[in-house]
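Enquirer: Generate a structure from the sequence data that follows.
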Amino acid sequence: MVDKVWSDDTATQLEATVQFRKLLSDGKNSTMIKIIRADVLPRFAEFLSRQRPPQLQMEAAWVLTNIAASDYTLLVAECGAVPRLVELLESPDANIRHQATWALGNIAADMPSCRETVLDHGAVTPLLAQFKEGMKVSVLRTATWALSNLCFGKLPAEVQVKPILEIISLLIHSADEKILADACWALYYICDGVEGGIQDALDAGVCPQLIKLLMHASANILLPVITSLARISAGDDTQVQVIVEQGILPCLAQLLARNYPKIIKKQACLIVSNITGGSKDQIQAVIDADVMNHVIVLLKTSETDLKKEAAWAISNAASGGSSNQIQYLVSRGCLEPLCNVLKYQDVDLVYTCLEGLQNILEEGEIGKQGNESATNPYAQFILENGGLDNLEDLQDFDNDAVYKLVMKLLEKYWDEEVSDDANLTASKDGPAENVETVPEEATQPPVPAPSSEGIEYVVSACKICAREISVGCHCTENLFLGE
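Expert: Got it, this is the predicted structure:
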């Protein structure tokens, strides 16, 4: 077979190439290794430039596609095949264009260096030209998948994003779930990996359809949709306001209230926390849409990592909310679970939570103005429900900003109560020597311990496309349905 591949006779070359393609169909790694060792990849890359017979181009592209789907993708990227495959995207033969698209998609999915090789040879423009009316669904699926692989990561500055988004804005209306999912992942990658990508996506008008897709029945669609919206919600207040005005909040309320996979609810809470990190009007919009009630329920009842996302949303609202908004949060029972969040070893979350508690406590001080003998009701609630223990434990937290804010709260709101309680013991060792603590035997509500599940997002990488699985590799279907 090897000798036939290197023959000068075209018919013999085609015969051998077909034989190699059929050998690869067994899927055995041992077969793949034998072909690699035969050093025939450069020959197949050469065949890609042979316009006669077209079948030789097709079979050579097919062989290279299968090898690019294995652990030896890099060899395909380095054998001279990429520029020839890019040229085949303009072939008059639709089947050859399809096969070249498939091969390039496999190469781009392997690792950043392979993807960069495909991009460097200008694959984006001819790939976008594949999207035409009347395309077969199978061809459109392959092209959308390949486009998604090319968009993964940081796109080079010379790649024009707007033409890609024009195609994506059409693809996200597809009725085919595979096309829809890959288009939404491509959108997420652009928003995440391109400077100004969020605004480009907004300008392309993708948000109304994305928000509509939040009610899609399939979790395989929901994940890339809500992940894209989460990335958009990380923009500035003006960009966030776009998705608020286009009706995202009622959809989030439904997602949080129903039995959706945990990863979906985490992304929903992330969007809420980004919105409540904005203006008071945006916080009020969250409250008015009844979203905050569902977030508070999650903070009270969910697993640790989901609690953390819910805590961000409530802490942001408490730290930036108005007097009426803070009173609403407290009335819905947010104070005790917020105190429990102080047990987590997450500096940014703990500090934001402290800022929220500070704002709540200041609101309690306003409520007792004119009556110096009155007790701050929120400070008293925290004391009676074990929250003071959590605050005092933070004196040992290895962060200066957290320590300073904790000391400020302890000295301002509990110094008198602590010193007057005859049952309190001496203070802990350390810099906060004037702060006393509750004895260990005091009755306290149970506090959820930190869980390893609280580690965010990076779980593992897909062998097929090297994407972080928690980011949403779409090579493995129904991955999140069991969560």
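
Enquirer: what's the helix or strand for residue 355?
Expert: Here residue 355 sits within helix 347-367, counting by DSSP states H and E.

Enquirer: who touches residue 82 in this structure?
Expert: 76, 104, 107, 117-118, 121, 123 (C-beta atoms under 8 Å, 6 or more residues apart in numbering). Quick note: C-beta positions are derived from backbone N, CA and C, even for glycine.

Enquirer: From residue 124, how far off is the closest residue to residue 16 other than its chain neighbours?
Expert: Nearest non-adjacent residue to residue 16, counting by C-beta to C-beta, 6 or more residues apart in numbering: residue 4, 3.5 Å away. Going from residue 4 to residue 124 by C-beta to C-beta, to the nearest Å gives 37 Å.

Enquirer: okay, these two: which has more neighbours?
Expert: Using other C-beta atoms under 10 Å as the criterion, residue 4 and residue 124 rank with residue 124 on top: 22 against 16.

Enquirer: ok, now which ones touch that one?
Expert: 150, 159-160, 164.

Enquirer: what about 10 Å?
Expert: Applying C-beta atoms under 10 Å, 6 or more residues apart in numbering to residue 124 gives the contacts 86, 118, 147, 150-151, 155-156, 158-161, 163-164.

Enquirer: From the residues you listed, list just the buried residues.
Expert: Applying 16 or more other C-beta atoms under 10 Å to the contacts of residue 124, the neighbour count classes 86, 118, 147, 150-151, 155, 159, 161, 164 as buried.

Enquirer: Which residue, other than its chain neighbours, is closest to residue 80?
Expert: residue 45 (4.4 Å).

Enquirer: Please, where are all the strands along this protein?
Expert: Ranges of strands in the chain, per DSSP state E: none exist.

Enquirer: low-scoring stretches of it, by residue?
Expert: 370, 372-373, 416-483 (pLDDT under 70).

Enquirer: hmm, try it at 50
Expert: 416-483 (pLDDT under 50).

Enquirer: Show me which residues of stretch 326-339 are buried.
Expert: Applying 16+ other C-beta under 10 Å to stretch 326-339 flags 326, 328-330, 334-339 as buried.

Enquirer: what do you get for stretch 37-44?
Expert: In stretch 37-44, counting by 16+ other C-beta under 10 Å, buried: 40-41, 43-44.

Enquirer: What is the neighbour count of the residue nearest to residue 80?
Expert: Neighbours of residue 45 using other C-beta under 10 Å come to 22.

Enquirer: For it, give its distance to residue 364.
Expert: Residue 45 is 73 Å from residue 364, by C-beta to C-beta.

Enquirer: circling back to that earlier point, from the buried residues of stretch 326-339, which two are the most distant?
Expert: Across those, the longest distance by C-beta to C-beta is 18.0 Å; it joins 328 and 339.

Enquirer: who's in contact with the nearest residue to residue 234 once chain neighbours are set aside?
Expert: Distances taken as C-beta to C-beta, 6+ apart put residue 274 closest to residue 234, at 5.5 Å, once the chain neighbours are dropped. Counting by C-beta under 10 Å, 6+ apart, residue 274 touches 229-235, 239-240, 243, 282, 312-313, 316.

Enquirer: Among those, which lie within helices?
Expert: Using DSSP state H, the members of the contacts of residue 274 that fall in helices are 229-233, 239-240, 243, 282, 312-313, 316.

Enquirer: May I see these arranged in CSV, with distance to residue 111 as well?
Expert: Formatted as CSV, these follow (distance: C-beta to C-beta, whole Å):
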residue, distance to residue 111
229, 28
230, 26
231, 23
232, 28
233, 30
239, 32
240, 34
243, 33
282, 40
312, 33
313, 36
316, 37
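
Enquirer: In CSV: these, plus neighbour count and distance to residue 380.
Expert: Below are those laid out as CSV (neighbours: other C-beta atoms under 10 Å; distance: C-beta to C-beta, whole Å):
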residue, neighbour count, distance to residue 380
229, 29, 40
230, 21, 38
231, 23, 42
232, 27, 41
233, 24, 36
239, 18, 41
240, 22, 36
243, 24, 39
282, 19, 31
312, 26, 26
313, 28, 26
316, 23, 25
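
Enquirer: Out of those, which is nearest to residue 379?
Expert: residue 316 (21.7 Å).

Enquirer: got a list of what the closest one touches?
Expert: Counting by C-beta under 10 Å, 6+ apart, residue 316 touches 272-278, 283, 286, 352-353, 355-356.

Enquirer: any idea how far residue 178 is from it?
Expert: For residue 316, the distance to residue 178 equals 36 Å [C-beta to C-beta].

Enquirer: Could you find the closest non-adjacent residue to residue 204?
Expert: Nearest non-adjacent residue to residue 204, counting by C-beta to C-beta, 6+ apart: residue 165, 4.0 Å away.

Enquirer: Surely that neighbour is in contact with residue 207?
Expert: No - counting by C-beta atoms under 10 Å, residue 165 sits too far from residue 207 to count as a contact (12.0 Å).

Enquirer: Settle it for me: which of those two has more neighbours?
Expert: The residue with more neighbours, out of residue 165 and residue 207, is residue 165; 24 against 20, by other C-beta under 10 Å.

Enquirer: Run through the helices of the stretch 151-300 of the chain in chain order.
Expert: For the stretch 151-300 of the chain, the helices defined by DSSP state H, counting those that start in this stretch occupy 161-171, 177-193, 197-203, 207-213, 219-233, 237-245, 248-257, 262-276, 280-288, 291-301.

Enquirer: my bad, should have said the stretch 1-150 of the chain
Expert: Per DSSP H, counting those that start in this stretch, the stretch 1-150 of the chain carries helices over the ranges 2-5, 10-24, 29-37, 41-47, 54-68, 73-78, 81-88, 94-110, 112-120, 124-128, 137-151.

Enquirer: Reformat these as CSV; add distance to residue 371.
Expert: Listed next are those as CSV, based on distance: least, C-beta to C-beta, whole Å:
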stretch, distance to residue 371
helix 2-5, 94
helix 10-24, 84
helix 29-37, 79
helix 41-47, 85
helix 54-68, 76
helix 73-78, 73
helix 81-88, 77
helix 94-110, 67
helix 112-120, 64
helix 124-128, 69
helix 137-151, 61
